[in-house]
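Q: next input, structure requested:
(4 chains)
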Number of protein chains: 2
Amino acid sequence: MNSKDFARMIGVSQPTVSRALNDSPLVPEEKRKWIKEKAREYGFVLNNSARSLKTSRTNTIGILFPKHFVGMTENIMMAHLYDQIQRELHKRGFDIMVVYSDTGEDDLSALERMIRTKKVDGFLILRLELSDEERKLIGQEKTPCVCMMNASTKVRDDISYYFSDSEYGGYLAGDFYGDYPDYKKVYISYCQEKDDNTRRKRGFLRGLQEHGVQEADITILESELGIREASRLIHEHKEFFLNNKTAILAYCDIIGIGVVQGLKEIGVSIPDQAQVIGMDDIPWAFWLDPQLSTLHVDAEHMVPETCDLLIRMINGQGKAEAGDPEPVHQWLKPTLILRDTTI
Amino acid sequence: MNSKDFARMIGVSQPTVSRALNDSPLVPEEKRKWIKEKAREYGFVLNNSARSLKTSRTNTIGILFPKHFVGMTENIMMAHLYDQIQRELHKRGFDIMVVYSDTGEDDLSALERMIRTKKVDGFLILRLELSDEERKLIGQEKTPCVCMMNASTKVRDDISYYFSDSEYGGYLAGDFYGDYPDYKKVYISYCQEKDDNTRRKRGFLRGLQEHGVQEADITILESELGIREASRLIHEHKEFFLNNKTAILAYCDIIGIGVVQGLKEIGVSIPDQAQVIGMDDIPWAFWLDPQLSTLHVDAEHMVPETCDLLIRMINGQGKAEAGDPEPVHQWLKPTLILRDTTI
DNA sequence: CTGAAAGCGCTTACAG
DNA sequence: CTGAAAGCGCTTACAG
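A: Sure thing, here's the model as predicted:
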């Protein structure tokens, strides 16, 4: 049943149906209510494609997952953000389409296809890693986009973002470990995330330097992303961890968990002989034994603000008075949470 | 740019553009390729809303999450299934809309709204718990739907499904524990999932009975869904677990993990004094210490088959020769995986 | 406040 | 093989 048939059925015109169901003040309250009741009764709902075609609004927001995203179960932090985003956007009446950077066909990236087919009103981008072409496209099409969490490429300010200030996170860890001069400082890096990794490491160094620790005194080890991978890394450097008291900052909690596991396996006592700090504060870090000390990322603030901004951008789009709003740029400061893996 | 402008720009008609980009054999290979090249060059892509309006196909599949679904991080098994579904559907060229049963407005359930607005071509339903109205609607609208994983309401055969045979899973656990007469048998149930819980329990009982264990000898405890909740339950029954050797089947891995945690905390040695079997085989069950024994659900088969069936239903829809295909009903058998929490 | 009419951008039967 | 034309189901400027 389309709106014409429905209108005829209840004895009004198609425009009146449209206005009533869209809550237009042009049709009086009473009548609106009556039409809505009838719609409910007959199970009539406006067709979304026709509506979108006319209004160029789909009422759908795309959540873009980064390249090499293996899954929600592997990347708990993304799952955590996703859960909160999903809740916020649904609360605000939007539907959600999940888009994966990896799934592009031929030369058309997934993002580009979504933008060009007009399937979504805007994008929430988990981790900034857009190509130059994609940035250009977003600029041309004025597609509302907000990035969140972190950036694996150079941060330019053409796009709005709410990022975790991981440099500051690193600093907090460095500042904390600075009080333990007899522990050898170790940073476990993850090189796929080039720029973000550099930020964390730089902050760590800065925090330590304030306590007189030299850059040369810091050991850098490289891990892949994964609990097993990180655990294996510890095994590879068994002698080192057995012969030194170490104070370790891991690129993220997943690696931190693997490090803790590896240390336990080779018989290093935590936190006496080795301290470990992760980053992100993933939801089940405290189920583990021992519970991981970490840098808490303030997702509870980041997510609603990101969603709000995106929706404002979508609603403001095309409105003359809105103009080209200035992009928003925020770095949210993590906080250090001490649990069982630090003294 | 719309297809008319694009067609004019490259000097062909709108229908030809449409046919070429839709790979119609009506336009010769060579020309098709040329038009596609031009489309790429000018960044032209067919508008999805217009297309859907005409064809009543959105090329989008909805994944319906059950009521009370708290999130991917809390319900790892759902996240695991979601990850695989997402991969399968994208591989087959569909976009994905995530739909949550909880997010309905007023009297219109999320599912009903999606069906009536025609936003998706069909639904993959994680866990069967449709209301009678929703079933009726699906029947009337002939919306392609397949359920998977399990059912919390009575299973009727009007809808296709691929379920895990959790009754058989329970049986395997019962059969295994039957060999340990000196262990007191315990089933930790989760009552929100009424029917599925009953199936697991019934299977467990059946397995034990084959070894001569009486129903009266089985202790039933009720837990909420969650690691902490299950752990708390163990604490509440501390005396019981300290004074008996126990062989425990948990409703699912999450509860199983909590049980293990609780047992460790009260000082019960695993698996000597208490054996634990979970159900689902969630991805990181083996990161834990001790690694949880469990009943593996064959998601690797369930997911592709479910996706295949759904897509066949979508493609067959409306075709005369397709008729009303018989619904498919499958119960996939779990397998018992013994790790550290069983002898 | 209400309705007749145009048009959003496609696809597809139809004619050639 | 190709194009002119109709129509999918809405919204909205316009006239009343």
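
Q: helices or strands up against the strand or helix carrying A:Gly258?
A: If you go by DSSP states H and E, A:Gly258 is part of helix A:253-266. Taking 3 or more CB pairs under 8 Å, 6 or more residues apart in numbering or on different chains; DSSP states H and E as contact, the helices and strands that helix A:253-266 lies on are helix A:76-91, strand A:184-189, helix A:227-236, helix A:238-243, strand A:246-250, strand A:274-280. The way it works is simple: take the backbone N, C-alpha and C, and place the C-beta from them, glycine included.

Q: go again with 10 Å.
A: The criterion is 3 or more CB pairs under 10 Å, 6 or more residues apart in numbering or on different chains; DSSP states H and E, and the helices and strands that helix A:253-266 contacts are helix A:76-91, strand A:184-189, helix A:227-236, helix A:238-243, strand A:246-250, strand A:274-280, strand A:293-296.

Q: name the residues of the stretch 151-300 of chain A found near chain B, please.
A: Where the stretch 151-300 of chain A comes near chain B, counting by CB under 10 Å from any CB of the partner chain, the residues are A:227-228, A:231, A:257-258, A:261, A:264-265, A:282-284, A:286-289.

Q: mind running it again at 6 Å?
A: With CB under 6 Å from any CB of the partner chain as the criterion, the stretch 151-300 of chain A meets chain B at residues A:227, A:283, A:287.

Q: how about the last one: what's its closest non-neighbour residue?
A: So the one you mean is A:Trp287. Excluding its sequence neighbours, the residue lying closest to A:Trp287 (CB to CB, 6 or more residues apart in numbering or on different chains) is B:Ile227, at 5.4 Å.

Q: was I right about the one you found contacting B:Val259?
A: No - judged on CB atoms under 6 Å, B:Ile227 makes no contact with B:Val259 at a distance of 9.1 Å.

Q: of the two, who's got more company?
A: Ranked by neighbour count (other CB atoms under 10 Å in any protein chain shown), B:Ile227 and B:Val259 place B:Val259 first, with 32 against 21.

Q: list the contacts of the more buried one.
A: Taking CB atoms under 6 Å, 6 or more residues apart in numbering or on different chains as the definition of contact, the neighbours of B:Val259 are B:230, B:234, B:250, B:276.

Q: which one of those residues is nearest to DNA strand C?
A: Each of the contacts of B:Val259 was checked against DNA strand C using CB to the nearest atom of the strand; the closest is B:Ala250, at 51.0 Å.

Q: which residue, other than its chain neighbours, is closest to that closest one?
A: Excluding the flanking residues, the one nearest B:Ala250 by CB to CB, 6+ apart is B:Gly256, at 3.7 Å.

Q: state the mean pLDDT of the helix of greatest length in chain A.
A: Once chain A is assigned using DSSP state H, the helix that runs over the most residues is helix A:299-316. Taken as a whole, helix A:299-316 has an average pLDDT of 94.

Q: related to what we said a few turns ago, JSON lines for the helices and strands packed on helix A:253-266, including mean pLDDT and distance to A:Ile125?
A: Supplementary listing: these in JSON lines, determined by pLDDT from 0 to 100; distance: least, CB to CB, whole Å:
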{"stretch": "helix A:76-91", "mean pLDDT": "95", "distance to A:Ile125": "11"}
{"stretch": "strand A:184-189", "mean pLDDT": "98", "distance to A:Ile125": "24"}
{"stretch": "helix A:227-236", "mean pLDDT": "93", "distance to A:Ile125": "26"}
{"stretch": "helix A:238-243", "mean pLDDT": "97", "distance to A:Ile125": "38"}
{"stretch": "strand A:246-250", "mean pLDDT": "98", "distance to A:Ile125": "25"}
{"stretch": "strand A:274-280", "mean pLDDT": "97", "distance to A:Ile125": "18"}
{"stretch": "strand A:293-296", "mean pLDDT": "97", "distance to A:Ile125": "22"}
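
Q: now the angle between strand A:246-250 and the helix holding A:Gly258, please.
A: Orientation check (axes from the mean of the first three to the mean of the last three CA atoms, to 10 degrees): helix A:253-266 against strand A:246-250 gives 150 degrees.

Q: residues of helix A:253-266 that come out buried?
A: Across helix A:253-266, burial judged by 16 or more other CB atoms under 10 Å in any protein chain shown covers A:253-264.

Q: ok, of the residues you listed, which one's closest to DNA strand C?
A: The shortest separation between DNA strand C and any of the buried residues of helix A:253-266 is 42.9 Å, and it belongs to A:Ile254 (by CB to the nearest atom of the strand).

Q: which residues does that closest one contact?
A: Applying CB under 6 Å, 6+ apart to A:Ile254 gives no contacts.

Q: what about the residue lying farthest from the centre of chain A, distance to A:Val17?
A: Using CA atoms, centre = their mean, the residue of chain A lying farthest from its centre is A:Gly11. It sits 49.2 Å away. In this structure, A:Gly11 lies at 11 Å from A:Val17, with CB to CB, to the nearest Å as the measure.

Q: go on, A:Ile125?
A: Counting by CB to CB, the gap between A:Ile125 and A:Val17 amounts to 37 Å.

Q: hmm, back to that, so the helix holding A:Gly258 versus strand A:184-189, what angle?
A: If you take the same axes, to 10 degrees, helix A:253-266 sits at 130 degrees to strand A:184-189.

Q: just the CA atoms of helix A:253-266, as PDB, please.
A: What follows is helix A:253-266, C-alpha atoms only, in PDB (Å, rounded to 0.1, in the frame of the first residue of the first chain):
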ATOM      1  CA  ASP A 253      45.400  -3.400  26.400                       C
ATOM      2  CA  ILE A 254      45.200  -6.400  24.000                       C
ATOM      3  CA  ILE A 255      49.000  -6.300  23.800                       C
ATOM      4  CA  GLY A 256      49.200  -5.600  27.500                       C
ATOM      5  CA  ILE A 257      47.200  -8.700  28.200                       C
ATOM      6  CA  GLY A 258      49.400 -10.800  26.000                       C
ATOM      7  CA  VAL A 259      52.500  -9.300  27.800                       C
ATOM      8  CA  VAL A 260      51.100 -10.200  31.200                       C
ATOM      9  CA  GLN A 261      50.300 -13.700  30.000                       C
ATOM     10  CA  GLY A 262      53.800 -14.100  28.600                       C
ATOM     11  CA  LEU A 263      55.400 -12.900  31.700                       C
ATOM     12  CA  LYS A 264      53.400 -15.300  33.900                       C
ATOM     13  CA  GLU A 265      54.400 -18.100  31.600                       C
ATOM     14  CA  ILE A 266      58.100 -17.500  31.900                       C
END
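
Q: report the angle between it and strand A:274-280.
A: Taking the same axes, to 10 degrees, helix A:253-266 and strand A:274-280 form an angle of 160 degrees between their directions.

Q: what's the offset of helix A:253-266 from the middle of its chain?
A: In terms of CA atoms, centre = their mean, to the nearest Å, the gap separating the centre of helix A:253-266 from the centre of its chain is 24 Å.

Q: residues touching the residue nearest to A:Thr153 when sequence neighbours are not counted, list them.
A: With CB to CB, 6+ apart as the criterion, A:Thr153 has its nearest non-adjacent residue at 5.2 Å, and that residue is A:Glu129. Shown in contact with A:Glu129 (CB under 6 Å, 6+ apart): A:66, A:152-153.
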